[in-house]
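S.K.: Sharing a model that was predicted from the sequence below.
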Amino acid sequence: MRTAPHCWTRSGAAALILLLSLPAWAAADSWNRVQSRNFLVVGEVDHNQLAFTARTLEQFRRATLAIFPDRVIGSTRPLTVVVVKGGNIGDYGLGKSGNVSGYYQSEADQDFIVMDSSVIQIRSFEVILHEYQHSITRNNWRGLPRWVNEGLAEFYSTFQMSADGKRYQLGRPKTYRLAALVSGGTMPLEKFLTDDGRSVRMEERFRASIFYAQSWALVHFMVLGDKGKWSDSFGPFVTALAAGEPPVEAFRRTVTTDIAGFSSRFRAYVTQSDFNFVSVEASPIEAVPESERSRLSVEETETLKTRLMHDPGRRKKALDEALAARPGYRPALIARGEYWLGEREAARAAEDLVPLAQAGTADLRICSMAMFALNILRRHEEAIGLCVGNGPIDVGGAFERAIGLQFLGRPSEAAPLLLALNGADPGDLSTLAWRSWRYLEAGLYPAAVRAADLAAPAIVDADGASYQRFVRLAGLCLQRDPEVCERARADLVGRPIAAGAGEWVQSVRAFLTGTINEQALLARASRDEEQTEGHAYAAFDLLSRGRDKEALPHLQWVAERGSKNVTEYYVAVAHYARRTKP
């Protein structure tokens with residue numbers, strides 16, 4: 001139930017402090033476990049602390065409805081909250097910095113929140129609530145601009161429960177965010193909405209701080225500011241953004257056409273001395289039953305680590321320990337198969353995944369990954385024979401079966417599968433994007449083109465959709481059919497890439513369509529990642545024209561100096577290896 005807003009003043013701020021004291025870990029190979037009604041909480045803190053975390057998150061779920069009463073707070077995707085040993089969070093996540101306190105990670109079949117146990121201060125729960133809000137946002141809207149995603153997470157992370165547990169507060173201002181905006185200023189609204197943080201590199205702490213501060217402040221202003229003037233328009237605005245409407249046009253349609261007046265009010269808002277927040281009566285939360293408290297086994301713990309570890313060596317070690325504790329443990333074998341796919345070891349992946357898919361009890365994901373590994377190995381006959389009697393297959397499985405049939409020269413059998421995929425859920429089709437890159441890397445160009453054709457229209461992110469069109473062009477042109485390649489270039493010329501794509505993406509398109517040459521493209525590349533992409537696309541263009549000798553220096557540059565943070569690195573290195581090794 002929402003009540004009238006309360007007021008906070010800079011001079012009289014009295015924060016309600018909620019601390020989570022997390023003791024040191026007891027053992028590294030068997031975590032404590034608490035199963036809440038809606039998620040699993042694990043870690044080597046005692047059960048009481050895990051249960052307290054679970055209860056707080058359950059209450060927080062209900063609190064989020066105070067602003068958006070119609071949104072979904074449940075999820076069919078499992079959520080696991082993992083509390084890692086203090087100081088060790090740098091070992092987890094995909095490239096996460098060691099100085100973060102927690103993060104949210106979404107995978108194909110479930111979501112994770114990883115939290116550092118060493119953060120014993122008010123922002124400990126702020127961190128985990130921020131990350132949990134990302135999970136809730138993902139369940140309600142796909143493809144939101146980054147500023148909305150981060151702004152909502154920042155806004156809701158201020159949740160604080162009263163000492164007696166009867167009330168909670170939402171929307172208390174963040175003084176350090178306000179200070180950043182006062183000292184650094186705000187970005188003009190139209191530029192902020194359009195840029196969406198693309199010009200901000202996360203290692204540039206000052207600029208990143210301004211971006212996060214303005215994201216939080218804009219959400220706060222639209223939800224609670226200006227005496228609630230904009231609160232009714234915020235929901236429709238977010239819905240329009242999630243539907244892919246260009247941000248400025250969506251703002252004018254759902255919020256106001258007077259952007260200058262809104263901007264003036266917003267700039268005044270972040271420098272004022274008092275702010276509204278919401279105080280809500282808490283609903284009762286049942287204690288987590290004692291029977292749901294347990295410990296994960298060694299194999300469960302080590303397998304879970306492999307889903308989250310950043311370092312490949314540590315992941316492999318955890319997998320080995322899981323299978324040593326319980327040889328043949330199915331989740332560990334699945335995780336090892338995924339690990340080998342990530343390491344580009346398709347043959348080893350097939351050794352783990354194909355027997356699981358042949359067992360007759362394979363789920364859709366196992367079938368899809370096993371067929372993918374076999375298709376990469378050009379073992380197409382085996383791929384189309386997997387999981388035939390297992391009932392319906394998912395988007396990935398249907399795609400892999402169609403690809404196998406096409407490579408076997410059976411297009412009439414592949415056609416119904418591909419036709420059915422055209423009507424699949426866009427969220428599922430967007431997951432084919434990584435397959436397009438891997439098939440391009442493997443030199444299986446028709447498969448790369450098919451995946452990109454299906455994925456590109458389904459991807460909301462402008463940059464991501466554009467890169468899929470670049471994959472399509474490369475896959476068609478690298479087959480060295482001049483007429484096919486020219487038609488592909490004409491398509492890229494005739495159909496503009498998605499609105500909102502970044503300046504570098506626009507530069508790549510300009511090069512691929514012949515508007516600028518390779519020297520101009522490389523001159524525009526300011527970062528290692530852009531340099532890597534620039535050399536890679538220059539090489540692909542030259543290879544497609546049969547000018548292999550001229551392409552080799554670009555491929556060699558990527559192999560020796562390129563950034564592994566971009567997928568083009570692996571594609572270029574694979575093409576270089578095939579041309580330089582016996």
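M.R.: Done, it's in.
S.K.: for the stretch 201-350 of the chain, which spans come out with low pLDDT?
M.R.: 201-207, 282-291 (pLDDT under 70).
S.K.: And the helices in it?
M.R.: 205-224, 231-242, 247-254, 259-269, 298-308, 312-325, 330-342, 346-358 (DSSP state H, counting those that start in this stretch).
S.K.: Which positions within the third one qualify as buried?
M.R.: Okay, so that is helix 247-254. Using 16 or more other CB atoms under 10 Å as the test for burial, helix 247-254 gives 247-248, 250-251, 254. Every residue, glycine included, has its C-beta placed from N, CA and C.
S.K.: if we can go back for a sec, now the helices of the stretch 201-350 of the chain in JSON lines, with distance to Thr56?
M.R.: Output for these, formatted as JSON lines (distance: least, CB to CB, whole Å):
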{"stretch": "helix 205-224", "distance to Thr56": "21"}
{"stretch": "helix 231-242", "distance to Thr56": "26"}
{"stretch": "helix 247-254", "distance to Thr56": "34"}
{"stretch": "helix 259-269", "distance to Thr56": "30"}
{"stretch": "helix 298-308", "distance to Thr56": "22"}
{"stretch": "helix 312-325", "distance to Thr56": "29"}
{"stretch": "helix 330-342", "distance to Thr56": "28"}
{"stretch": "helix 346-358", "distance to Thr56": "38"}
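S.K.: Which one, of these, ends up nearest to Pro78?
M.R.: helix 298-308 (11.5 Å; CB to CB).
S.K.: same for that closest one, what does it pack against?
M.R.: Under the contact criterion of 3 or more CB pairs under 8 Å, 6 or more residues apart in numbering; DSSP states H and E, helix 298-308 touches strand 79-84, strand 111-116, helix 312-325, helix 330-342.
S.K.: Send me the last one as CSV with only the CA atoms.
M.R.: C-alpha atoms of helix 330-342 as CSV (Å, rounded to 0.1, in the frame of the first residue of the first chain):
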residue,chain,number,x,y,z
ARG,A,330,25.2,-34.8,-14.5
PRO,A,331,25.2,-31.0,-13.7
ALA,A,332,29.0,-31.0,-13.6
LEU,A,333,29.2,-32.8,-16.9
ILE,A,334,26.8,-30.3,-18.5
ALA,A,335,28.9,-27.4,-17.0
ARG,A,336,32.1,-29.0,-18.3
GLY,A,337,30.5,-29.3,-21.8
GLU,A,338,29.6,-25.6,-21.6
TYR,A,339,33.1,-24.8,-20.4
TRP,A,340,34.7,-26.6,-23.4
LEU,A,341,32.3,-24.7,-25.8
GLY,A,342,33.4,-21.4,-24.2
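S.K.: quick one on the thing from earlier: ok, which of the helices of the stretch 201-350 of the chain comes nearest Asp91?
M.R.: helix 312-325 (6.2 Å).
S.K.: contacts for that closest one?
M.R.: 29, 91, 297-303, 305-306, 309, 329, 332-333, 335-336, 339, 342-343 (CB atoms under 8 Å, 6 or more residues apart in numbering).
S.K.: Please spell out the PyMOL selection for the buried subset of the residues you listed.
M.R.: To isolate the buried members of the contacts of helix 312-325 in PyMOL, using 16+ other CB under 10 Å:
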select buried, resi 29+91+297+298+299+300+301+302+303+305+306+309+329+332+333+335+336+339
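S.K.: what residues are up against Arg472?
M.R.: Arg472 neighbours (CB under 8 Å, 6+ apart): 436, 448-449, 452-453, 456, 488.
S.K.: Which of those sits closest to His554?
M.R.: Ala448 (19.4 Å).
S.K.: what sits up against whatever helix or strand the closest one lives in?
M.R.: With secondary structure defined by DSSP states H and E, Ala448 is part of helix 445-455. For helix 445-455, contacts defined as CB under 8 Å, 6+ apart pick out 375, 399, 402-403, 406-407, 418, 421-422, 429-433, 435-437, 439-440, 468-469, 471-472, 474-476, 478-479.
S.K.: Selecting buried members of those residues in PyMOL, what would you type?
M.R.: For the buried members of these, the matching PyMOL selection, counting by 16+ other CB under 10 Å, is:
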select buried, resi 375+399+402+403+406+407+418+421+429+430+431+432+433+435+436+437+439+440+468+469+471+472+474+475+476+478
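S.K.: center of the protein, which residue is that?
M.R.: Ser106 (6.0 Å; CA atoms, centre = their mean).
S.K.: any idea how far Tyr104 is from the residue nearest to that one when sequence neighbours are not counted?
M.R.: Counting by CB to CB, 6 or more residues apart in numbering, the nearest residue to Ser106 once its immediate chain neighbours are dropped is Arg138, at 6.2 Å. Relative to Tyr104, Arg138 is positioned 8 Å away (CB to CB, to the nearest Å).
S.K.: can you check Gln479 too?
M.R.: Taken as CB to CB, the span from Gln479 to Tyr104 is 40 Å.
S.K.: Could you do Phe470 as well?
M.R.: According to CB to CB, Phe470 and Tyr104 sit 28 Å apart.
S.K.: where do the helices sit along the stretch 351-500 of the chain?
M.R.: Going by DSSP H, counting those that start in this stretch, the stretch 351-500 of the chain shows helices at 364-376, 380-385, 395-407, 411-421, 426-429, 433-442, 445-455, 462-477, 482-494.
S.K.: sorry, back to before: so who does the residue nearest to the centre of the chain touch?
M.R.: 112, 135, 138.
S.K.: Just give the number of residues close to Val395.
M.R.: Counted by other CB atoms under 10 Å, the residues lying close to Val395 total 21.
S.K.: show me what contacts the closest residue to it other than its chain neighbours?
M.R.: In this structure, Val395 finds its nearest non-sequential neighbour in Asp428, 4.1 Å apart by CB to CB, 6+ apart. Taking CB under 8 Å, 6+ apart, we find Asp428 in contact with 394-395, 458.
S.K.: Would you mind saying which of the helices of the stretch 201-350 of the chain lies nearest Phe277?
M.R.: Each of these has some distance to Phe277 by CB to CB; the shortest is helix 205-224, at 6.9 Å.
S.K.: buried set for that closest one?
M.R.: In helix 205-224, residues buried by neighbour count (16+ other CB under 10 Å) are 207, 209-224.
S.K.: what does stretch 338-347 give?
M.R.: Within stretch 338-347, judged by 16+ other CB under 10 Å, the buried ones are 338-341, 346.
S.K.: swap in stretch 563-580?
M.R.: Buried, per 16+ other CB under 10 Å, within stretch 563-580: 566-576.
S.K.: and if you look at stretch 477-497?
M.R.: By neighbour count on 16+ other CB under 10 Å, the buried set for stretch 477-497 is 477-478, 485, 488-489, 492, 497.
S.K.: Would you point out the most distant pair within the residues you listed?
M.R.: Between all members of the buried residues of stretch 477-497, the farthest pair (by CB to CB) comes out as Leu478 and Ile497, at 20.1 Å.
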